[in-house]
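1. Could you work out the structure for the sequence below:
(one chain, ligands or ions: 1)
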Amino acid sequence: MEHLPSAETAEAAESHYFTQNPPPKNLKSNVTLAREFIDRHAEQGRRLVLVTSGGTTVPLETQTVRYIDNFSAGTRGATSAEYFLQEGYAVIFLHRQFSLLPYSRHYSHNTRSFLDFMKEENGRVVVDEQHQEEMLRVLRQYSVAKKENRLLILSFVTITEYLWELREVAKLMRPLGHKAMFYLAAAVSDFFVPQDRMVEHKIQSSEEFSQNTNRNGKTPAARTEGRSLIIDLEPVPKFLKQLVDGWAPEGMIVSFKLETDPSMLVKKAQYSLEKYAHHLVIGNLLMTRKWEVVFVSALEGEKWIRVPRNRRSRSVSGVEAWIGRAEAGKAENTVQPKAEAQDTQGEPIIEIESLIIPEIAEMHTKLIEQAQATKAQQKS
Ligand code: 9Z3
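-> So this is what the prediction gives:
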């Protein structure tokens, strides 16, 4: 069993991390933008969600040439942000720089260039006939979000930038009370190189030129030994505890648990829920994440959400066989789109986030109502 840190140890780990690992240069300007955005929506009594998205990097050198990264393209986060906007939320989209963005994701990181959606007509650039309808729909949604000032886009690259921004934005969100939500879809590094064990310059590929101590007189966490590159990483403190207990005690917190082994998924999601005592853990497997997820919450226990086979975007060979493997019992509690549960050919494809977000918004409504009822009771 992992050791659960006491409040003091978690606080000490937090203060150590943020003293040792300095903030990003643009933190102040991002905080100004976020404060203005949050205050405006708080005044209007609107619900606001912080969506985190994409992977964090772990730099190996201060002047970074090499870094450790992960697979995440930010599809989950960017797609979810659109459905939150559709549900009326204001969205702070904290994403890995150059990962997918809400709305423009439909035309970027594609196998095709965005120019393939265009043609020339009478000396002007126009969208070709085939893509008119879809692009008009996307453009309209984007324009509404922009006009109503409901989308703020912030970015990070490294794990430290991510944690600084998460902490500062979470604290700013306190005035929203229960109307705040945290939807933590970013794929966050578990291990990193602390600032005081980093080398300034590019790691040399041969030991002859390599530095065995850094500016602080410490052995660098990443160094060459003989012909090998040795990387000795330290664990990133688990900040979910701090988020739940300290930074945002009233907000609804949704975290994600990513696994590749189906037999681990539900167990790990349940463990995380118990450990951090937040509201919802969404479990997903790397292979099947676009087609099935499991909700684990105190409110509703274990609940599977699946896109029916005929509504999936594409069938990657071998993946179908993985669907359902992480579910131990029968699929009693499975959410499928109501009218479209039957297998009929030619139905439009759906994104799993279009099933996930309305479910979460409903849970959020319940939590807000509960909080209001408790407040009313305390008054009387
Ligand atoms: C997720 O599990 C996301 O759903 C994915 C989305 C990263 C799988 P894509 O960007 O992928 O759409 O390609 N995110 C959470 C990952 C994570 O780091 N969770 C931590 C953990 O599993 C807990 S907060 O320990």
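2. How about the residues of this structure by the ligand?
-> Contact residues, the chain versus the ligand (Cβ under 6 Å from any ligand atom): 72-76, 184-185, 187-188, 255-258, 284, 289. In this view, the C-beta of every residue, glycine as well, is placed from N, C-alpha and C.
3. Among those, which pair sits farthest apart?
-> A73 and S255 (19.4 Å; Cβ to Cβ).
4. gap between the helix or strand hosting M264 and the chain center?
-> M264 belongs to helix 262-276 when assigned by DSSP states H and E. Helix 262-276 has its C-alpha centroid displaced from the chain centroid by 18 Å (Cα atoms, centre = their mean, to the nearest Å).
5. quick one, helices of the chain?
-> 7-20, 27-43, 75-86, 129-147, 159-172, 240-242, 262-276, 353-379 (DSSP state H).
6. With mean pLDDT and mean neighbour count added, can I get these in JSON lines?
-> As requested, these are exported to JSON lines (pLDDT from 0 to 100; neighbours: other Cβ atoms under 10 Å):
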{"stretch": "helix 7-20", "mean pLDDT": "87", "mean neighbour count": "14"}
{"stretch": "helix 27-43", "mean pLDDT": "98", "mean neighbour count": "16"}
{"stretch": "helix 75-86", "mean pLDDT": "98", "mean neighbour count": "24"}
{"stretch": "helix 129-147", "mean pLDDT": "97", "mean neighbour count": "13"}
{"stretch": "helix 159-172", "mean pLDDT": "97", "mean neighbour count": "22"}
{"stretch": "helix 240-242", "mean pLDDT": "92", "mean neighbour count": "21"}
{"stretch": "helix 262-276", "mean pLDDT": "97", "mean neighbour count": "17"}
{"stretch": "helix 353-379", "mean pLDDT": "95", "mean neighbour count": "15"}
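7. Nearest to N216, out of those helices?
-> With Cβ to Cβ as the yardstick, what comes closest out of the helices of the chain is helix 7-20 (10.6 Å).
8. and the closest one, what does it pack onto?
-> helix 159-172, helix 240-242 (3 or more Cβ pairs under 8 Å, 6 or more residues apart in numbering; DSSP states H and E).
9. Can you name the residues in contact with stretch 281-293?
-> Contact partners of stretch 281-293, identified using Cβ atoms under 8 Å, 6 or more residues apart in numbering, comprise 71, 75-76, 254-260, 262, 265-266, 268-270, 272-273, 294-297, 304-307, 312-313, 319, 322-326, 351-352, 356.
10. which ones among the residues you listed are found in strands?
-> 254-259, 294-297, 304-306 (DSSP state E).
11. Narrow those to those that are buried.
-> For these, a burial check counting by 16 or more other Cβ atoms under 10 Å picks out 254-259, 294-297, 304-306.
12. Which members of those are the farthest-apart pair?
-> S255 and R306 (20.5 Å).
13. isn't M252 right next to L184, touching?
-> No - contact criterion Cβ atoms under 8 Å: M252 and L184 do not qualify, at 11.4 Å.
14. State the distance from K218 to E133.
-> Taking Cβ to Cβ, to the nearest Å as the measure, K218 falls 60 Å from E133.
15. now swap in E61 and tell me
-> The spacing between E61 and E133, counted by Cβ to Cβ, is 49 Å.
16. tell me the pLDDT at G177?
-> You'll see G177 listed with a pLDDT of 95.
17. burial measure for it, as a count.
-> For G177, the neighbour count with other Cβ atoms under 10 Å is 16.
18. cool, and P175?
-> So P175, with other Cβ under 10 Å, has 12 neighbours.
19. tell me the contacts of it?
-> P175 touches 38-39, 42, counting by Cβ under 8 Å, 6+ apart.
20. same check, this time on Q372
-> Here Q372 is in contact with H178 (Cβ under 8 Å, 6+ apart).
21. any idea how far N284 lies from V58?
-> For N284 relative to V58 (Cβ to Cβ), the value is 22 Å.
22. so which of the helices and strands packed on helix 7-20 comes closest to P194?
-> helix 159-172 (9.2 Å).
23. got the CA coordinates for the closest one in PDB?
-> Output of helix 159-172 as PDB, limited to C-alpha atoms (Å, rounded to 0.1, in the frame of the first residue of the first chain):
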ATOM      1  CA  ILE A 159       5.600  19.500 -15.400                       C
ATOM      2  CA  THR A 160       6.700  22.500 -13.300                       C
ATOM      3  CA  GLU A 161       4.900  25.000 -15.400                       C
ATOM      4  CA  TYR A 162       1.800  22.900 -15.300                       C
ATOM      5  CA  LEU A 163       1.800  22.600 -11.500                       C
ATOM      6  CA  TRP A 164       2.500  26.300 -11.000                       C
ATOM      7  CA  GLU A 165      -0.400  27.200 -13.200                       C
ATOM      8  CA  LEU A 166      -2.800  24.600 -11.800                       C
ATOM      9  CA  ARG A 167      -2.100  25.900  -8.300                       C
ATOM     10  CA  GLU A 168      -2.500  29.600  -9.100                       C
ATOM     11  CA  VAL A 169      -5.600  29.100 -11.200                       C
ATOM     12  CA  ALA A 170      -7.200  26.800  -8.600                       C
ATOM     13  CA  LYS A 171      -6.700  29.400  -5.900                       C
ATOM     14  CA  LEU A 172      -8.200  32.100  -8.000                       C
END
